[in-house]
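A.B. asks: Have a look; sequence and predicted model below, questions after that.
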Amino acid sequence: MAAQSQSFWKHLARYLPFSSLTARIFAIFWFTLLLVMISVLVVQHQDPRNYEPVNPRMKAELNEIAGRVSKALTKQPGDMISSLRALSRDHRKIQHMKGIKLYFTDTDGVVLDLGRHSDKFVRNFASSSDNPEKPLTRQYGPWQMAGPFVISDGSEQGWMYIGRRLREPPPFLIRLLDNPVQLLLATMLVSTPLLLWLAWAVTRPARRLQMAAERVGKGEFAIDPSLEKGPREFRQAGASFNQMVGAVDSMITGQQRLLSDISHELRSPLTRLRMANALAIRKQGESKELSRIDTEADRLEQMIADLLSLSRMQLNSHAERDVYTLDDLWQTLLDDAEFEAGQLGKVLNREPLPAAHIEGHGQLLCSALENVVRNAIKYANSQIDVGFQVEGRVLRVTVSDDGEGVPEEMLGDIFRPFYRVSTARDRETGGSGLGLAITDSAMRQHNGSALAVNNTHGGLTITLTFTDIMPGK
């Protein structure tokens, strides 16, 4: 039997180790329940409403009262019941003697009403305490009952029960047991510290995991050793999360470095191509075909430069972060854009920059707005509007132009790398098709978003939403 019991506890320890969250919840639940049960049992054991023997001092005092009643009965004519009825009408003698109430029964325990309504608890007490040699006491609310005590008129005997009103209210614990609602509230109060500790033990590693996930969402692929602390389930989840973050970081870093290496490698044949084209122009003179080669080489070089810029910013965006004011980030950029628009015969209207701070990669944040503003200047007919709106910790930047806009079915694609709405228009205006892709990447790395819609003027409106702004100077 002992071997079987030992085997049972070994199996239980294997499947429910205390380091696991399941075992902690199980243990705290039963410990709380045991604590409440012990408290209730202790209170009930000390409950004055339990039947207790009358102590010698009280017994002597109450026997004296019984003797006085018996003496008064001997002076009344008639049988004992008639005598008691007569005495019950004389309140000065027995009804309120020393602030007490007297109740009488015959030797069979039948309560004698004596012309007045007997309290219900008298019948209950008389049915349980019926031995005059061993009188008992019990508390009923504000009243304490004691008895029975023998009374006699000289020929007949009866029993007397004495009710004494307590000067002080019942103890708090007794009143608590009398009120189920209060008892429930007290039980909840007793268990609250343990449950709060349990909630803290559960939510603390969960909050760490949530914060780590938010950092990953912002582009910070850093392994957090604190995730591998706490209950076993969360330690395992934290270790898996850190492993995933490390794998994703390695994958993204490898991809970005590959892109950067390819871009660098493309520069060598591109340089040789341009040198060969320049030699051909020198030997054969200008021609339409050679000019086209030179133009496409310029575009290819610009595309490679944009790819290198994008890969560098994405590779270091989570490491090179700081807190900037909006003035520090965008004031010079907007001044240059306003001048550039003026040189093209267009007007750029802009609202003042709000007093706010933003945390992030400075170059990426500048590129996010710069690409959108320059795109609007490029395709606007005459006017560009730049607006800022702060709501709590959210900043919305809107850039609108009065150009031709974008077909509705293509609005969701313009942030894709190398996507072009019109090849002919791109040839006229230039561009690599990476500007808005850089903007979208920068916004996602800063937990924001970019949205494009056609406005009422027929042009395009792009809204950049930043969700982690710190208002104020």
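C.D. replies: Thanks, I have it. Numbers count the residues shown, from 1 in each chain.
A.B. asks: Which strand or helix spans the residue nearest the centre of the chain?
C.D. replies: In the chain, the residue lying closest to the centroid (Cα atoms, centre = their mean) is residue 203, at 8.1 Å. Following DSSP states H and E, one finds residue 203 within helix 180-217.
A.B. asks: so what does that helix touch, helix or strand wise?
C.D. replies: helix 21-45, helix 172-178, helix 232-284 (3 or more Cβ pairs under 8 Å, 6 or more residues apart in numbering; DSSP states H and E). For every residue, glycine as well, the C-beta is placed using N, CA and C.
A.B. asks: 6 Å instead, please
C.D. replies: Here helix 180-217 touches helix 21-45, helix 172-178, going by 3 or more Cβ pairs under 6 Å, 6 or more residues apart in numbering; DSSP states H and E.
A.B. asks: which stretch in these is the model least sure about?
C.D. replies: Of all these, the minimum mean pLDDT falls on helix 172-178 (a mean of 62).
A.B. asks: Residue 227 - how many residues pack around it?
C.D. replies: Residue 227 has 21 neighbours, counted by other Cβ atoms under 10 Å.
A.B. asks: That one reaches residue 238, doesn't it?
C.D. replies: Yes: between residue 227 and residue 238 there is a contact under Cβ atoms under 6 Å: 2.9 Å.
A.B. asks: What residues sit buried inside stretch 153-172?
C.D. replies: The neighbour-count check on stretch 153-172 (16 or more other Cβ atoms under 10 Å) flags 153, 158-164, 170 as buried.
A.B. asks: Domain ranges for the chain, per the record?
C.D. replies: 2-48+175-202, 52-170, 219-319, 321-471 (automatic domain parsing).
A.B. asks: For those domains, give me TSV that also has distance to residue 210.
C.D. replies: Shown next, in TSV, are those (distance: least, Cβ to Cβ, whole Å):
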stretch	distance to residue 210
domain 2-48+175-202	13
domain 52-170	50
domain 219-319	11
domain 321-471	14
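A.B. asks: ok, back up a step: now the helix holding residue 203 and helix 232-284, what's the angle there?
C.D. replies: Relative orientation of helix 180-217 versus helix 232-284 (axes from the mean of the first three to the mean of the last three Cα atoms, to 10 degrees): 20 degrees.
A.B. asks: where do the strands sit along the chain?
C.D. replies: Listed in chain order, the strands of the chain (DSSP state E) span 52-53, 100-105, 111-112, 136-140, 143-152, 157-165, 322-325, 347-350, 356-360, 383-391, 394-401, 449-454, 460-466, 469-471.
A.B. asks: Tell me which of those strands lies nearest to residue 335.
C.D. replies: For residue 335, the closest of the strands of the chain is strand 347-350, at 9.5 Å, according to Cβ to Cβ.
A.B. asks: That closest one packs against which elements?
C.D. replies: Under the contact definition 3+ Cβ pairs under 6 Å, 6+ apart, strand 347-350 sits against helix 326-343, strand 383-391.
A.B. asks: quick one, which of those is nearest to residue 350?
C.D. replies: Each of the helices and strands packed on strand 347-350 has some distance to residue 350 by Cβ to Cβ; the shortest is strand 383-391, at 4.1 Å.
A.B. asks: what is the mean pLDDT for the closest one?
C.D. replies: 91.
A.B. asks: tell me the pLDDT at the residue nearest to the centre of the chain?
C.D. replies: pLDDT recorded at residue 203 is 76.
A.B. asks: my read: residue 146 touches residue 137, true?
C.D. replies: Yes: with contact defined as Cβ under 6 Å, residue 146 and residue 137 form a contacting pair (4.4 Å).
A.B. asks: so what sits against both of those two?
C.D. replies: Counting by Cβ atoms under 6 Å, 6 or more residues apart in numbering, the contacts common to residue 146 and residue 137 are residue 54.
A.B. asks: how many other residues sit next to residue 229?
C.D. replies: A count of nearby residues for residue 229, using other Cβ under 10 Å, gives 12.
A.B. asks: Sorry, slip of the keys, the one I care about is residue 349.
C.D. replies: As a burial measure, residue 349 scores 12 neighbours (other Cβ under 10 Å).
A.B. asks: Distance of it relative to residue 125?
C.D. replies: Note on residue 349: its distance to residue 125, by Cβ to Cβ, to the nearest Å, is 93 Å.
A.B. asks: cool, and residue 102?
C.D. replies: The gap separating residue 102 from residue 125 is 13 Å, by Cβ to Cβ.
A.B. asks: Look at residue 108 and say how many residues are nearby.
C.D. replies: Residue 108 has 7 neighbours, counted by other Cβ under 10 Å.
A.B. asks: For it, what are phi and psi?
C.D. replies: The phi/psi pair for residue 108 (degrees, to the nearest 10) reads phi -90, psi 0.
A.B. asks: hmm, who's touching stretch 394-403?
C.D. replies: Contact with stretch 394-403 is made by 372-373, 376, 379-381, 383-389, 455, 457, 459-467, 469, as judged by Cβ under 6 Å, 6+ apart.
A.B. asks: Stretch 192-201 now?
C.D. replies: With contacts defined as Cβ under 6 Å, 6+ apart, stretch 192-201 is touched by 28, 32.
A.B. asks: how about it: buried residues?
C.D. replies: Buried, per 16+ other Cβ under 10 Å, within stretch 192-201: 198, 201.
A.B. asks: got it, and stretch 367-386?
C.D. replies: Result for stretch 367-386 [16+ other Cβ under 10 Å]: buried residues 367-380, 383-386.
A.B. asks: And stretch 384-399, by the same measure?
C.D. replies: 384-386, 388, 395-399.
A.B. asks: for stretch 128-136, same thing?
C.D. replies: Quick answer for stretch 128-136 (16+ other Cβ under 10 Å): 129-130, 132, 135-136.
A.B. asks: CSV please, covering these and showing distance to residue 304 and pLDDT.
C.D. replies: Output for the buried residues of stretch 128-136, formatted as CSV (distance: Cβ to Cβ, whole Å; pLDDT from 0 to 100):
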residue, distance to residue 304, pLDDT
129, 104, 81
130, 108, 77
132, 113, 83
135, 108, 88
136, 103, 87
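A.B. asks: need those residues in JSON lines with distance to residue 329, can you?
C.D. replies: Output for the buried residues of stretch 128-136, formatted as JSON lines (distance: Cβ to Cβ, whole Å):
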{"residue": "129", "distance to residue 329": "89"}
{"residue": "130", "distance to residue 329": "94"}
{"residue": "132", "distance to residue 329": "98"}
{"residue": "135", "distance to residue 329": "92"}
{"residue": "136", "distance to residue 329": "87"}
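A.B. asks: sorry, back to before: could the helices and strands packed on strand 347-350 be laid out in CSV, adding distance to residue 276?
C.D. replies: Formatted as CSV, these follow (distance: least, Cβ to Cβ, whole Å):
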stretch, distance to residue 276
helix 326-343, 34
strand 383-391, 41
